[in-house]
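1. Any chance you can model this:
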Amino acid sequence: MNSRALGAVVAPSDARTLAPHASNDTADVEAQVAQLIARARAAQRDFAAAGQQALDTAASAAAWAIMEPARNRQLAELAVHDTGLGNVDDKIQKNFRKTLGLLRDLHGRKTHGVIAEDVGKGIVEIARPVGVVAAITPSTNPAATPANKIVNALKCGNAVIVAPSPKGYSACALLLRFVHAELVKAGLSPDLVQMLPEPISKAATAALMRQADLIVATGSQANVRMAYTSGTPAFGVGAGNVASIVTHSADLPDAAVKIARSKTFDNATSCSSENSVVIESRVYDAMIDALHVAGGVLLNADQKQALARVMWVDGKLSGACTAKSAQRIARLAGLDDIAAQHPKFLMVEESGTGSDYPFSGEKLSPVLTVYRARDFDDAVSLVSNIYHYMGAGHSVGLHGADKAQALQLGETLPVARVIVNQAHCFATGGNFDNGLPFSLSMGCGTWGRNNFTDNLGYRQYLNVTRVAYPIAADVPEADDLFADYFGRFGR
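-> As a prediction, the model looks like this:
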């Protein structure tokens, strides 16, 4: 299938009209990015002064650009066609639901002018835009992630320039064509939303990072590290490698169905898909059976080694298996008998963690590593070891009925989120049946070398100015504040 067969698809020549053609010369690259920045700043100045209704309109325009059914399908088809990652139906669902959920979270939120007032403390808070946002986006979600960042940026009065992955360029360019059409329809400047010209280069991405006012980076850790060292304030995300614990109190069939849905959605392109499941010994066999009913096939030791040989080449995760179907991966590994069973996902048993045990790391494919734990404490220890190797800060799943165990995970493991009895990849980035904000970028805190633990949302796209009025003085007595300390240890 070629690009023209997909309908109104952006051809390379069309995409280049969004910005001057890229150059490899450093001075040229800086100048080209400076032109984008200048247009963005000019548009943003007028936009930021236009008031809350204009900001809300722009956010809605960008959201409808991806949610409108015909355009959504075009974007999903082009994304899969050009990246080879995921599948069309799931990307359609992701594009729609993630954007709908974001709009729900933003609905009625004030992001212009006075947004809060505390009379008792004499503090008035005023929302201010950050300016021009550099949005670094991955190939795994070449439409959904840029759309999420564009909507958030516009809602807060900013302009945004997207740096897509090279593989995701065409889908992002098509998204921007749709966004521009909606902005023009609403009487707003298309210069509010731009992207780097093709071909995408590290030099251009680095120049954008240096010249923008804020960076929001999702994708490879190399890009996140580059964002942090650019000299520009940056929000970046950590590596995924989610593990879920299944305890003896879990509803095993329900847990298996949720894990299967999470593991297979969009061929596991999400950093929130489970990479490992740690099962208490007393329900291990029953849970394996439940996972089998849900579509999983457990490989034996020889089959596991055959799979490892195609998944890791020279110690690195191979793109040949990334975000491909379980059936295709099985065929690549020479496991035709497994492929003939039409598995939804493959399972391998593991006992160790670290570089000598590659299945303990992130796989970005419908391959699930299974660990047997003696009890809950042993399961916690295993997950801790997994995260010591990869994935610290992101999140952990728990299937079970003991709420105290969920608190224990939140108090002891290096995670920003504990997802209880839910399909992890849907729940972590916000879902309609939990209270987490909708996002495609999850902060992992200092554990994941990030500066925040939230789901990246609109507040990260705002500056807040505080006006402080005088109030009645509130000066405490030192003895009152030290009373407990003095009472226990003396003066």
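2. And the strands in the stretch 301-450 of the chain, which stretches?
-> Secondary structure of the stretch 301-450 of the chain by DSSP state E, counting those that start in this stretch: the strands cover 312-313, 316-317, 345-349, 367-373, 396-399, 418-420.
3. mind putting these in JSON lines, mean pLDDT included?
-> Listed next are those as JSON lines, based on pLDDT from 0 to 100:
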{"stretch": "strand 312-313", "mean pLDDT": "94"}
{"stretch": "strand 316-317", "mean pLDDT": "92"}
{"stretch": "strand 345-349", "mean pLDDT": "98"}
{"stretch": "strand 367-373", "mean pLDDT": "98"}
{"stretch": "strand 396-399", "mean pLDDT": "98"}
{"stretch": "strand 418-420", "mean pLDDT": "98"}
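4. what about those strands, which gets the closest to residue 295?
-> Across those, the minimum distance to residue 295, taken as C-beta to C-beta, is reached by strand 345-349, at 6.3 Å. Quick note: C-beta positions are derived from backbone N, CA and C, even for glycine.
5. how big is the angle separating that closest one from strand 367-373?
-> Orientation note: strand 345-349 sits at an angle of 40 degrees relative to strand 367-373 (axes from the mean of the first three to the mean of the last three C-alpha atoms, to 10 degrees).
6. So which of the strands of the stretch 301-450 of the chain is the most surrounded?
-> Mean neighbour count (mean count of other C-beta atoms under 10 Å) peaks for strand 396-399 among the strands of the stretch 301-450 of the chain, with a mean of 28.
7. rewinding a little: reformat the strands of the stretch 301-450 of the chain as a markdown table; add distance to residue 84.
-> As requested, the strands of the stretch 301-450 of the chain are arranged in a markdown table below (distance: least, C-beta to C-beta, whole Å):
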| stretch | distance to residue 84 |
| --- | --- |
| strand 312-313 | 17 |
| strand 316-317 | 15 |
| strand 345-349 | 19 |
| strand 367-373 | 17 |
| strand 396-399 | 28 |
| strand 418-420 | 29 |
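8. Show me the one of the ones you listed that comes nearest residue 253.
-> Residue 253 lies closest to strand 396-399 among the strands of the stretch 301-450 of the chain, at 10.8 Å (C-beta to C-beta).
9. and the closest one, how far from the chain's centre?
-> 18 Å (C-alpha atoms, centre = their mean, to the nearest Å).
10. Give the pairing partners of that strand; include direction for each.
-> Sheet partners assigned to strand 396-399 using DSSP bridges are listed as strand 242-246 (parallel), strand 418-420 (parallel).
11. And the contacts of the first one?
-> Residues outside strand 242-246 that contact it (C-beta atoms under 8 Å, 6 or more residues apart in numbering) are 252, 255, 259, 271-280, 283, 287, 373, 376, 379-380, 382-383, 386-387, 391, 394-400, 409, 419, 424, 428.
12. just for the stretch 1-150 of the chain, where's the confidence low?
-> For the stretch 1-150 of the chain, applying pLDDT under 70 flags the ranges 1-24.
13. For it, which segments count as helices?
-> Secondary structure of the stretch 1-150 of the chain by DSSP state H, counting those that start in this stretch: the helices cover 12-16, 26-48, 52-67, 69-83, 88-106, 144-155.
14. and if you look at the stretch 301-450 of the chain?
-> Using DSSP H, counting those that start in this stretch, helices in the stretch 301-450 of the chain cover 301-311, 326-332, 336-339, 376-389, 403-412, 424-427.
15. Same question for the stretch 151-300 of the chain.
-> Going by DSSP H, counting those that start in this stretch, the stretch 151-300 of the chain shows helices at 169-185, 202-211, 221-228, 252-264, 284-293.
16. and of those, who's closest to residue 191?
-> Nearest to residue 191 among the helices of the stretch 151-300 of the chain is helix 169-185 (9.1 Å), distances taken as C-beta to C-beta.
17. Mind giving me the packing neighbours of that closest one?
-> Under the contact definition 3 or more C-beta pairs under 8 Å, 6 or more residues apart in numbering; DSSP states H and E, helix 169-185 sits against helix 12-16, helix 52-67, helix 69-83, helix 144-155, strand 193-195.
18. what's the most buried one of these?
-> Ranked by mean neighbour count, the helices and strands packed on helix 169-185 are led by helix 144-155 with a mean of 29 (mean count of other C-beta under 10 Å).
19. Distance from that one to the middle of the chain?
-> For helix 144-155, the distance to the chain centre is 12 Å (C-alpha atoms, centre = their mean).
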